[in-house]
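Asker: fold the following and give me the result.
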Amino acid sequence: MPVFKTVHKALQKNFCFFCAFCTQNARLSYTARMTTIGICDSGVGGLTTLNILRRHFPFADFYYLADNKNMPYGTKSPEELSDVFSRLLKKLKAHSEIQVIACNTASSYTEDSDVIKLLPPIVKGGKTLYLATPLTTNKLVERLRIESPSICTSFDGNDNGCDAVFADTSELATLVEVYTAVGARKNCLNMRELLPYLASKLFKFKGANNVVLGCSHYLYLKNEISKILGSVNFFDGNGEIVNTLNELLVKEKGAGKVFFDFTADDESRKYSSILALLEREGSI
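Answerer: The predicted model follows:
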């Protein structure tokens, strides 16, 4: 009898260990295979983040929510944005397990700590040009004063020897929306039509070493910005999102899918075309 109990307990222990092993691996598999990553932005800017994340996590499903009803965010007040973001995140969370805000303005004014935010990085070393909407710029300046109080800041070309300089590009996100739509119809994302506008805003900053793209829409303009400023280092904050997701996801084989949703008119065809062009051109 004692021998039977001993054997029975050993079998129970091994069986429980086996079950725990299976459950743990099933959970890991679920995390990798079943997780839907939700991404939101006011428009096509967040497609640049989606393109980067699909390259790093091709096995994941993505739910992309474009708030085309409220685009652009950069012209709204913080009070207006608070209500917009609250409703947007509620919908995003209903369709995904992990949420990414692929908009610098929304990320800067959202207090929800459960979401992954696209924030413009603070760069040290050399002269850095920050391109962002006025609302994002306000938050960036606050962060600079807290995180790097020794860095001098200046605005719109009056650099006064400062290392952090800011340009006024408040209309640029809307212009990118227009020209990416044109590009989708022409099967090409060439933004050269925006060169005169960019030159008028950025030529005064020639000599900058770094450029922080503080709006996801601005990633479409890397080539054009380089033509004006020459060889510069670009920073956009997407690397931090990739690092965060690397800690959360277990990479597996297989190809995930992309689902588009909108707060106004359905623009799935246009968004699919732009995403395909981003994947094909590989510059972002």
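Asker: going by C-alpha atoms from here, please, whenever you check contacts or count neighbours.
Answerer: Fine.
Asker: with adjacent residues omitted, what lies nearest to the most centrally placed residue in the chain?
Answerer: In the chain, the centroid-proximal residue (Cα atoms, centre = their mean) is residue 102; its distance is 3.3 Å. In space, and not counting its chain neighbours, residue 102 is closest to residue 46: 4.9 Å by Cα to Cα, 6 or more residues apart in numbering.
Asker: was I right to think the one you found contacts residue 53?
Answerer: No: between residue 46 and residue 53 there is no contact under Cα atoms under 8 Å: 10.7 Å.
Asker: of those two, who's got more company?
Answerer: residue 46 (26 against 19; other Cα atoms under 10 Å).
Asker: per-residue confidence at that one?
Answerer: Note for residue 46: predicted pLDDT of 97.
Asker: OK, contacts around it?
Answerer: Going by Cα atoms under 8 Å, 6 or more residues apart in numbering, residue 46 touches 39-40, 102-103, 216-217.
Asker: out of those residues, who's the most crowded?
Answerer: Neighbour counts for the contacts of residue 46, by other Cα under 10 Å, peak at residue 102, which reaches 32 neighbours.
Asker: right, and that one touches residue 44 too?
Answerer: No: using Cα under 8 Å, residue 102 is not in contact with residue 44; the gap is 10.0 Å.
Asker: residue 117 reaches residue 100, doesn't it?
Answerer: Yes: when contacts are counted by Cα under 8 Å, residue 117 is listed as touching residue 100 (5.9 Å).
Asker: what's the helix or strand for residue 65?
Answerer: strand 61-66 (DSSP states H and E).
Asker: contacts for that strand next, please.
Answerer: By Cα under 8 Å, 6+ apart, strand 61-66 touches 34-44, 50, 92, 95-96, 256-263.
Asker: give me the buried entries from these.
Answerer: 35-44, 50, 92, 95-96, 256, 260-262 (16 or more other Cα atoms under 10 Å).
Asker: quick revisit: send me the strand holding residue 65 as PDB with only the CA atoms.
Answerer: C-alpha atoms of strand 61-66 as PDB (Å, rounded to 0.1, in the frame of the first residue of the first chain):
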ATOM      1  CA  ASP A  61      -2.900  40.600 -36.800                       C
ATOM      2  CA  PHE A  62      -3.400  44.400 -36.900                       C
ATOM      3  CA  TYR A  63      -6.500  46.500 -36.400                       C
ATOM      4  CA  TYR A  64      -6.000  50.000 -37.800                       C
ATOM      5  CA  LEU A  65      -8.400  52.600 -36.600                       C
ATOM      6  CA  ALA A  66      -8.300  55.900 -38.600                       C
END
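Asker: next SSE after it?
Answerer: Counting by DSSP H and E, what follows strand 61-66 is helix 78-94.
Asker: and that next one, what's its mean pLDDT?
Answerer: In this model, helix 78-94 has an average pLDDT of 92.
Asker: got the angle between that helix and strand 61-66?
Answerer: Calculated by axes from the mean of the first three to the mean of the last three Cα atoms, to 10 degrees, helix 78-94 forms an angle of 150 degrees with strand 61-66.
Asker: name the residues that touch stretch 121-131?
Answerer: For stretch 121-131, contacts defined as Cα under 8 Å, 6+ apart pick out 144, 162-169, 205, 207-215, 235-237.
Asker: give me the ChimeraX select line for those, limited to the buried ones.
Answerer: The following ChimeraX line selects those of the contacts of stretch 121-131 that are buried, judged by 16+ other Cα under 10 Å:
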select :144,163,164,165,166,167,168,169,205,208,209,210,211,212,213,214,215,235,236,237
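Asker: which helix or strand contains residue 120?
Answerer: Here residue 120 is assigned to no helix or strand, by DSSP H and E.
Asker: SS state for residue 174?
Answerer: helix (DSSP: H, G, I helix; E, B strand; the rest coil).
Asker: hang on, the earlier thing: so which of the contacts of strand 61-66 are in strands?
Answerer: 36-41, 258-262 (DSSP state E).
Asker: and those residues as JSON lines, adding pLDDT and distance to residue 180?
Answerer: Formatted as JSON lines, the ones in strands among the contacts of strand 61-66 follow (pLDDT from 0 to 100; distance: Cα to Cα, whole Å):
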{"residue": "36", "pLDDT": "95", "distance to residue 180": "26"}
{"residue": "37", "pLDDT": "98", "distance to residue 180": "24"}
{"residue": "38", "pLDDT": "98", "distance to residue 180": "22"}
{"residue": "39", "pLDDT": "98", "distance to residue 180": "19"}
{"residue": "40", "pLDDT": "97", "distance to residue 180": "18"}
{"residue": "41", "pLDDT": "96", "distance to residue 180": "15"}
{"residue": "258", "pLDDT": "98", "distance to residue 180": "19"}
{"residue": "259", "pLDDT": "98", "distance to residue 180": "20"}
{"residue": "260", "pLDDT": "98", "distance to residue 180": "17"}
{"residue": "261", "pLDDT": "98", "distance to residue 180": "18"}
{"residue": "262", "pLDDT": "98", "distance to residue 180": "17"}
